[in-house]
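Colleague: Next comes the sequence, and after it the predicted model I'd like to discuss.
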Amino acid sequence: MPTVAVDKADLWEKLGQEYSAEEFDKLCFEYGLEIDEDTTEEVEEAIKKGLPAERPQLKIEVPANRYDLLCIEGISRALNVFLGKIPTPQYKLAYPVGGEPNLLTITVHPDTAKIRPLFAGAILRNIKFTPRSYASFIDLQDKLHQNICRRRQLVAIGTHDLDTLKAPFRYEARPPKNIKFTPLNKDQAYTAEELMTVYESEKHLAKYLPIIRDSPVYPIIYDAEDHVLSMPPIINSEHSKITLNTRNVFIDCTATDQVKLDIVVNMVATMFSEYCEEPFTIEPVKIVFPDAKTRITPDISERQTVAHASYINSCTKLNLTAQEASLLLQKMSHRTALSPSDADEIIVNIPATRPDIFHECDLMEDAAIAYGFNNLPDVFPTTSTVAQPLAISKLSDVIRREWALAGWVEVLPLILCSHEENFEWLNHEDDNNTAIKIANPKSLEFQVVRTTLVAGLLKTIRENRSHALPIRIFEASDVAFKDVGRERQARNERHAAAVWCNKTAGFEVVHGLLDRAMKMLEIPRISSADNKAAVGYYIKESSDPMFFPGRAATIYYRALPEKRGKFSAFKQTVQNAMHISHDVPIGVLGILHPTVLEKFEIGFPCSALEFTLEPFKKQMHKVWTNDD
C-alpha cells in the first residue's frame, strides 16, 4: 500500500477541525485508511534539543487502487465528503472564449509510434500555489510515476508554465543527436545523447534512461517557437519550469497504454483543480493524431451505472431501502439518483476520480464502508462446512515438528529473491525455463520467485553470523517453477530444506536429518544390497556445482505402483534384473562449495539438504486415513 505524507496542520485546516490521534485513527479506519506514523513527537523532541525540524506530518497508508488518495488534496476531499461537510465535487471542462476552435492544439507526429505514441493534456487556469501545495503537486506526480505509471514506462507526466510557451505545440520523435535543449535545473543546453551520459550519475533519473536509450528516436515536445517543453519520460525543460509564481499550468502526459494515460491525466488535473480561480474547472486541449483524428482531453465525464439495493443487502446482510443505499454511496463521492421505473435501482454517476469502480460489487463495498464495517450484522453462514488441512500441509507439519524436536530452528525467509542469489551465488546457470521472473521488481532484492530454499537459509545464516555455533536452521515451504503445461503457466512445489553451519562440515548431520524425516514418513531406506525393494529411498553420489566435488549426493525415491495387477511383481523383478529404474530424484544433500559460502559471506563450512515433499502425498494418504 502506498504511504502518503501530509502536513498535519494543513490537513486539519482542510478538514475544518483538529483531531486527537485516537479520533483521526478511527476516522481513517472507518474509511479504509491506516495511520502509519505521526511525527509530532519527533518534531517536538527535536525542537526541545534546539535541532532543525520540519512541521509535524501524518503518514497515511492508502489502498493501491485509490489514485485519488495519493495527495493531501484527495484525502481531505474524500474525508470531507464522507463526513458530509461538503457535497461531492462536480468537475467540469471550461472552454476558452470562442469554444473548441480556440483550444490549445498539440499535433502528434507519425514517428512517435516508434517510441511513445499516445498523448493527453490539460490546462489549469489562474491557479494559486503555496509552497506546500506546490510540493504536493510535485509529490503526486512522483507517486503516480511509481504506482500506476510503472516507473514512467507506461505513462510519463510533465508540467509547464503555460505563460512561457506559445501555442500550438508539436509532439515529435527525433534522433537524439537532433535534440538539444536546457534541461530542468541546468544552466546549459545538451543534446539528448549527452543527457544520457549526464544523468547516468544522477540516482533519481538514471533508472528511467533505459526506457528510451536504445531507441533510434526520442520523444520530444515543442511549442510554436521551437522551445522544448520536455523529453518524456526523462526530463522537462528549464524554459517552461513551473514556480510559485506560475498561474497557468499545462499538463502533458505521454504513454504506451491508453487506459493508464486517461486515468493519470484525470488524476493530476482533478486533484489540483481546486486551486484554480474557479475551483474544479479544467481547460481541455485538442490532440491531433497522425491519421487526422482529433481527441479532446481530459475526459472527466462521469460514468453512469446502476446499483441495486437488493444486491447490497444480500452481500452485507443489511435491510436498506434504495434511498438509504443511495445516501451511503453519496458519502463515497458518488452522485446518485433513484430510478423512476424500479424501486430497487439506484442510478450512480461515478466521478472521474474513481477509476477503481469496475462492477456493482465495488459499489457494494463502498456502501459497506459508508455504513461501517464494524456496524455490519454478524450472521451465521447459511451453509456449514468441515475444514481439513491439505495433504501437503499435513505432511509439512510432520517434518517441521520432527526437525524442531531434533533441535533445529525453523526460519521464514522471503519468497522473492534476487536473480544472483537464486542462480549465480549457488553456482547454477539460469536456463530461462525454470524461474518465474518479476516484470517490475521494486528492487534488485525481489527479481525472481525462488526455485530453492537453500539461498534463503544461507542469507539467514549471513545475517546471524554473531550467533553461537553450531547454527542449525530449516524451512518447509513452497518454491515455484515455470510450467507451460498449466493454464497459469506456473506451479508451486513444497520443499523441505536445512543447513548446518559449524567449524566442521557436518555431512553426517544433514544425512541423519534426512533419515529422521524419512523415518517419520515411514519411508524405508533402500540399501545397496537390496535392489528389489518395492518402495523406499536411497542416496547416490552425484555432481552439483553448488556442493564440494565428491561431497554431494542425489536423493532418490521409489514409490509403489498406483495399480498392481497380477503380473506386477513379475514385471518389477524383470525390470530390476534389466536395471530399468523408475526411481525419482527428489532432492540433494552435501557440503556446500567454498565459493558459495564466500558469496553469502559465511566464514564456516556448511552442509545443506533439500528435497521435495510432493511425491509422498499419495503414499501417506492411506496412513493418515487409517490414523484419523
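Modeller: That came through fine. None of these values were measured; they are calculated from a predicted model. Residues are numbered from 1 along each chain as shown.

Colleague: Would you point out the helix or strand in the protein whose mean pLDDT is lowest?
Modeller: helix 568-577 (a mean of 52; mean pLDDT, DSSP states H and E).

Colleague: Direction included, what does the helix or strand following it pair against?
Modeller: Remark: after helix 568-577, the chain's next helix or strand is strand 584-592, criterion DSSP states H and E. Applying DSSP bridges, strand 584-592 is found paired with strand 547-558 (antiparallel), strand 606-612 (antiparallel).

Colleague: pLDDT of strand 584-592, averaged?
Modeller: For strand 584-592, the mean per-residue pLDDT is 93.

Colleague: do the same with stretch 217-233
Modeller: Rounded mean pLDDT across stretch 217-233 is 95.

Colleague: buried residues in that stretch?
Modeller: 217-223, 227-233 (16 or more other Cβ atoms under 10 Å). Where C-beta positions appear, they are placed from N, C-alpha and C, glycine not excepted.

Colleague: For the strands paired with strand 584-592, give me TSV that also has mean pLDDT, mean neighbour count and distance to R488.
Modeller: TSV is the format used below for these (pLDDT from 0 to 100; neighbours: other Cβ atoms under 10 Å; distance: least, Cβ to Cβ, whole Å):
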stretch	mean pLDDT	mean neighbour count	distance to R488
strand 547-558	92	18	26
strand 606-612	94	24	19
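
Colleague: Figure out which of those is closest to E277.
Modeller: With respect to E277, and counting by Cβ to Cβ, the nearest of the strands paired with strand 584-592 is strand 606-612 at 66.9 Å.

Colleague: Format the CA atom coordinates belonging to the host helix or strand of I473 as PDB.
Modeller: Mapping I473 onto the secondary structure by DSSP H and E places it in strand 471-482. Extracted in PDB, the C-alpha atoms of strand 471-482 (Å, rounded to 0.1, in the frame of the first residue of the first chain):
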ATOM      1  CA  ILE A 471      23.700 -22.900  13.600                       C
ATOM      2  CA  ARG A 472      21.000 -25.400  12.600                       C
ATOM      3  CA  ILE A 473      18.100 -24.000  10.700                       C
ATOM      4  CA  PHE A 474      15.400 -25.400   8.400                       C
ATOM      5  CA  GLU A 475      12.400 -24.400   6.400                       C
ATOM      6  CA  ALA A 476       9.400 -26.400   4.900                       C
ATOM      7  CA  SER A 477       7.700 -24.100   2.400                       C
ATOM      8  CA  ASP A 478       6.900 -23.500  -1.300                       C
ATOM      9  CA  VAL A 479       9.100 -22.800  -4.200                       C
ATOM     10  CA  ALA A 480       7.800 -22.100  -7.700                       C
ATOM     11  CA  PHE A 481       8.600 -23.100 -11.300                       C
ATOM     12  CA  LYS A 482       7.500 -22.200 -14.700                       C
END
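
Colleague: what packs against it?
Modeller: With contacts taken as 3 or more Cβ pairs under 8 Å, 6 or more residues apart in numbering; DSSP states H and E, strand 471-482 sits against helix 391-405, strand 409-410, strand 436-437, helix 454-463, strand 490-501.

Colleague: For those, please prepare TSV with the additional fields distance to Y67, mean pLDDT and mean neighbour count.
Modeller: Compiled in TSV, the helices and strands packed on strand 471-482 are given as follows (distance: least, Cβ to Cβ, whole Å; pLDDT from 0 to 100; neighbours: other Cβ atoms under 10 Å):
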stretch	distance to Y67	mean pLDDT	mean neighbour count
helix 391-405	38	91	16
strand 409-410	40	94	14
strand 436-437	27	92	14
helix 454-463	34	93	21
strand 490-501	29	94	22
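
Colleague: quick one, which of the ones you listed is nearest to I471?
Modeller: strand 490-501 (4.2 Å).

Colleague: Next secondary structure element downstream of the closest one?
Modeller: That would be, after strand 490-501 and using DSSP H and E, helix 507-520.

Colleague: Pull up the distance across stretch 339-354, start to finish.
Modeller: 22 Å (Cα to Cα, to the nearest Å).

Colleague: I meant to write stretch 35-51 there.
Modeller: 26 Å.

Colleague: pLDDT on the helix or strand containing N349, on average?
Modeller: If you go by DSSP H and E, N349 is part of strand 345-350. Over the span of strand 345-350, the pLDDT mean works out to 95.

Colleague: quick one: the helix or strand following that strand to strand 345-350, angle?
Modeller: Once strand 345-350 ends, the next helix or strand along the chain (criterion: DSSP H and E) is helix 360-371. Put simply, helix 360-371 runs at 90 degrees to strand 345-350, going by axes from the mean of the first three to the mean of the last three Cα atoms, to 10 degrees.

Colleague: Return the per-residue confidence for L51.
Modeller: pLDDT at L51 comes out at 86.

Colleague: who wins for proximity to K437 among the strands paired with strand 584-592?
Modeller: Among the strands paired with strand 584-592, strand 606-612 sits nearest to K437 (Cβ to Cβ), with 21.4 Å.

Colleague: Tell me what angle the closest one forms with helix 391-405.
Modeller: 160 degrees.

Colleague: Distance from strand 606-612 to the middle of the chain?
Modeller: 31 Å (Cα atoms, centre = their mean, to the nearest Å).

Colleague: Please apply the same query to stretch 604-614.
Modeller: For stretch 604-614, the distance to the chain centre is 31 Å (Cα atoms, centre = their mean).

Colleague: Helix, strand, or coil at R170?
Modeller: strand (DSSP: H, G, I helix; E, B strand; the rest coil).

Colleague: quick one: pLDDT of it?
Modeller: 96.

Colleague: next one: R525
Modeller: For R525, the model assigns a pLDDT of 89.

Colleague: Phi, psi for it please.
Modeller: Main-chain torsions, R525, degrees, to the nearest 10: phi -90, psi 140.

Colleague: Would you confirm that it contacts Y538?
Modeller: Yes. Between R525 and Y538 there is a contact at 6.5 Å, judged by Cβ atoms under 8 Å.

Colleague: quick one: low-confidence parts of the protein?
Modeller: Scanning the chain for pLDDT under 70 picks out 560-581, 618-628.

Colleague: What is the burial count for F358?
Modeller: 11 (other Cβ atoms under 10 Å).

Colleague: ugh, wrong one, Q57
Modeller: 20.

Colleague: still on that earlier bit, with respect to H511, which of the buried residues of stretch 217-233 is nearest?
Modeller: For the buried residues of stretch 217-233, the nearest to H511 is P233 (55.2 Å; Cβ to Cβ).

Colleague: thinking that closest one is in contact with A156, fair?
Modeller: Yes. With contact defined as Cβ under 8 Å, P233 counts as touching A156 (3.2 Å).
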